[in-house]
Every structure is written in structure tokens, then in C-alpha cells.
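Participant: 3D model of this:
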Amino acid sequence: MSLAEAIPKIPRIIVPRTAGVIALDPPLSGEAREVAVHRIKTLLRERNAVLVAHYYVDEALQCIAEETGGTVSDSLDMARFGHEHPAETIVVAGVRFMGETAKILNPEKRVLMPALEAECSLDLECPAEQFIPFCDAHPDRTVVVYSNTSAAVKARADYVVTSSIAVKLVAHLHCQGKKIIWAPDKHLGDYVRRETGADMLMWNGACVVHDEFRAQALEQLKAQHPEAAVLVHPESPAAVIALADTVGSTTQLIEAARNLPNRTLIVATDNRIFHKMHQAAPDKILIEAPTGGHGATCNSCAHCPWMAMNSLRALLKALETGVGEIHVEERIRVKAQLATQRMLTFAQDLKREVMGLGDA
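Facilitator: So this is what the prediction gives:
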């Protein structure tokens, strides 16, 4: 069965323009910015709340998280940090599935988001009402879903994975002779399949940011900077991945920026990661990988339009009014937690194995 025959037809989503989103809520500057930051820090303390921010949100929110005892990280570590932190409220600066993941792992805590309307194209392109019957039609396959999915989709999965552990977990399942249903990112899924050789039936989703990177333009940029190393997130097209010196998750790319000897780095992921990359490697020159469009014609311009909805104003409003609270139906949450916990257990076992080898 071909991919076109196997995967249900998903209506294409309407993607907001990043520039338009920012124009609706332009960044604060000067005294107004200072006042907002001070008020946010005060409210975090008064509300017994901790701010967890994704690498892709505005630098101002990342700084507040760092300065108030929160964290800036990937989606899973954001949720784990919130679980381990004593705060009663977790404020998630990111997109909706990240808030849901925090609630899945922290049911006893209040979870707020500055922009509850901040979606993810991968989540939107994998609706539970179509994904669940698709899985039911292939009962012989183990269902592995990327973290960029709704709680309802996670509840139907056997495993939830992040990009940092996807290859190792699928390789483990492949060694057990299991066939896989993979959702929703087709580029990450294709990368995992090529790395593991696993039998994978893949959903046809893509990230609006990473899908925009173009191999031909990247080759031209590499020719202009022959000394540069290319860092690529595996949600990118295969032709872009083929040009990479390092392929990895957000955290892995930051570590590569720190450890690679190259002074110049071309980076194919959301450009807001540059804040943490500059911290990790202040002496490095960071260049955005080229996308499929420029200016007003560009769907992403290397920055997610939904991530751009996280602003100082939105964060302040969430803390002042409580708007943007995440709720997950308990029946769904319990099932989604089970699939997520399987990944966490696998990661813990893998870490112990690596430490054991190191001791030897």
C-alpha cells in the first residue's frame, strides 16, 4: 500500500505569517519593557509559579525564565522540570502541545500558557479523529508518535518520543521485530527509518519552519562559507539533512555549537535558538539556513508564527488574570502519560547502560 493510499487526506492548515503575528503584538521596548519584566517577575513569585520556556520563544521570555529559577529547554525537559519544581503553577511559554505535555506529567499542578491559541502544524495535521481509526486499521503495528501531538493522539500511542531519542527507541523496537506506525512528521520519520532500517508506515505531516529549508540554497550558502559547519534539525527535508555536519534535537544542536571547532555555524532550525547558542558558544558566528521564501512571501522565515505569539504582554496577562489554563480530560491524560512514561523509562535505562559502559 502506498503512502497516498494508506494515510487519510488531511485538509491543509492555514498558517499565519510570522511577521503578521509579531505586527499584531510588537515587542515592548524601553521603560514599558522594564516595567513589564519587573511585574512578571513579581507575579511569578506571588503566584508560586515557575516559567518554563522553549528554545524557540522570544529571547525576552527566555531571559525571564533563566533569571527567575525557571528553565529554557525542549518540550519534554520543560515538563520534567515543572514536575520536579516545587511551584504550584507551571507557566509554559511555547505551543499548546507543550502545555498539554506539562499537564499530562503534572496533573496536580496548574498549567498556564501565555498564548493558548499557539498551535503546531504537526499537531494540527494529525487530528485524533483521523489518526485513531488509522491506527486501528493496522493493529499489527506499534504506534510511535512524536511529542508534537495532542494529548488525544498521545493517548492512542504505545510510545511518545522526542527527536533526541527517536532513533534509539525505534532501533530498539526494530530489533524486537516490531513494525511501526510513525506520526506525524514525515521528515523526521524518514530520517529515523533511514538510520534504523525499521518498517515504518508514516503519517504525512511536516513542520512549517523546518519544511521551508532548501537544499539548493543551503549548498550556495555553504560555498560562500566553506569553513562553516551545518547544524540541522531532523524535521528538515532529507536533502537538507544530507548537507549537515550535525543532525540533532534542539538540545543536541546547542551542544554541537559549543563543541564543534568551526567558528562559523549555519543553523537549520528556528532562529530563536540563537539565544542559547550564543550563551553556549559566544565566540561563534551563527547564520540562518535559507528558507523557501523571503520577507512577506515566507511562511516561516526560520521562526514559527505560533511561537511568536508568546510575548511579554501575553505572559503578563496570563499571570494577572489566569487566562490560558490548560485542561486535559483525565481519561485521556492517564493513557497519554502511559505512552510518555514508556519513553522516559527507556531513556533512563539507556542512560544507566551508557554510564555502566563508561564505568567499565
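Participant: for the stretch 1-150 of the chain, which segments count as helices?
Facilitator: For the stretch 1-150 of the chain, the helices defined by DSSP state H, counting those that start in this stretch cover 3-6, 18-24, 30-46, 59-67, 75-84, 96-105, 121-124, 128-136.
Participant: buried sites along the second one?
Facilitator: Using 16 or more other CB atoms under 10 Å as the test for burial, helix 18-24 gives 18, 21-22. Glycine gets a C-beta too; all of them are placed from N, C-alpha and C.
Participant: domain map for the chain?
Facilitator: Domain assignment for the chain by automatic domain parsing gives 3-12+126-208+334-353, 18-121+307-329, 210-297.
Participant: list the contacts of Val111.
Facilitator: Val111 is in contact with 82, 89-92, 99, 102-103, 325-326, counting by CB atoms under 8 Å, 6 or more residues apart in numbering.
Participant: reformat the domains of the chain into a markdown table and put mean pLDDT next to each item.
Facilitator: As requested, the domains of the chain are exported to a markdown table (pLDDT from 0 to 100):
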| stretch | mean pLDDT |
| --- | --- |
| domain 3-12+126-208+334-353 | 93 |
| domain 18-121+307-329 | 95 |
| domain 210-297 | 94 |
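Participant: give me the secondary structure label for Val354.
Facilitator: Three-state assignment for Val354 (DSSP: H, G, I helix; E, B strand; the rest coil): helix.
Participant: gap between it and Lys168?
Facilitator: Note on Val354: its distance to Lys168, by CB to CB, to the nearest Å, is 10 Å.
Participant: in terms of neighbours, single out the busier of the two.
Facilitator: Between Val354 and Lys168, counting by other CB atoms under 10 Å, Lys168 is the more crowded of the two (15 against 10).
Participant: could you find the closest non-adjacent residue to that one?
Facilitator: With CB to CB, 6 or more residues apart in numbering as the criterion, Lys168 has its nearest non-adjacent residue at 6.3 Å, and that residue is Leu350.
Participant: before we move on, what about Arg33?
Facilitator: Nearest one to Arg33, counting by CB to CB, 6+ apart, is Leu312 at 6.8 Å.
Participant: and that neighbour, what does it touch?
Facilitator: Neighbouring residues of Leu312 by CB under 8 Å, 6+ apart: 27-28, 33, 36-37, 40, 58, 60-61.
Participant: now neighbour count too, for these, in a markdown table please.
Facilitator: Compiled in a markdown table, those are given as follows (neighbours: other CB atoms under 10 Å):
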| residue | neighbour count |
| --- | --- |
| Pro27 | 13 |
| Leu28 | 17 |
| Arg33 | 13 |
| Ala36 | 18 |
| Val37 | 19 |
| Ile40 | 24 |
| Asp58 | 24 |
| Ala60 | 21 |
| Leu61 | 28 |
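Participant: now the residues you listed in CSV, with distance to Arg263?
Facilitator: Below are the contacts of Leu312 laid out as CSV (distance: CB to CB, whole Å):
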residue, distance to Arg263
Pro27, 30
Leu28, 34
Arg33, 32
Ala36, 36
Val37, 33
Ile40, 36
Asp58, 27
Ala60, 28
Leu61, 29
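Participant: from these, which two are the most distant?
Facilitator: Pro27 and Ile40 (14.3 Å; CB to CB).
Participant: and Ala318, backbone torsions?
Facilitator: The phi/psi pair for Ala318 (degrees, to the nearest 10) reads phi -60, psi -40.
Participant: measure it to Met309 for me?
Facilitator: 12 Å.
Participant: make CSV out of the helices of the stretch 1-150 of the chain and add distance to Phe213.
Facilitator: What follows is the helices of the stretch 1-150 of the chain, written out as CSV (distance: least, CB to CB, whole Å):
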stretch, distance to Phe213
helix 3-6, 22
helix 18-24, 15
helix 30-46, 32
helix 59-67, 22
helix 75-84, 20
helix 96-105, 22
helix 121-124, 14
helix 128-136, 26
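Participant: which one of these is the most hemmed in?
Facilitator: helix 96-105 (a mean of 26; mean count of other CB atoms under 10 Å).
Participant: how far away is Ser236 from Ala242?
Facilitator: 10 Å.
Participant: more neighbours: the two, which one.
Facilitator: Between Ser236 and Ala242, counting by other CB under 10 Å, Ser236 is the more crowded of the two (29 against 12).
Participant: now that one. Nearest residue, chain neighbours left out?
Facilitator: Ser236's closest residue in space is His210 (CB to CB, 6+ apart), at 4.5 Å.
Participant: count the neighbours of that neighbour for me.
Facilitator: Counted with other CB under 10 Å, the neighbours of His210 add up to 28.
Participant: quick one: it and His233 touch, right?
Facilitator: Yes - using CB atoms under 8 Å, His210 is in contact with His233, at 5.7 Å.
Participant: overlap in contacts of the two?
Facilitator: Common neighbours of His210 and His233 (criterion: CB under 8 Å, 6+ apart): 268-269.
Participant: give me the number of residues near the residue nearest to Arg313 when sequence neighbours are not counted?
Facilitator: Once flanking residues are discounted, Arg313 sits nearest to Asp25: 6.0 Å by CB to CB, 6+ apart. A total of 15 residues lie near Asp25 under the criterion other CB under 10 Å.
Participant: how close does Asp25 sit to Ala217?
Facilitator: From Asp25 to Ala217 the distance is 30 Å (CB to CB).
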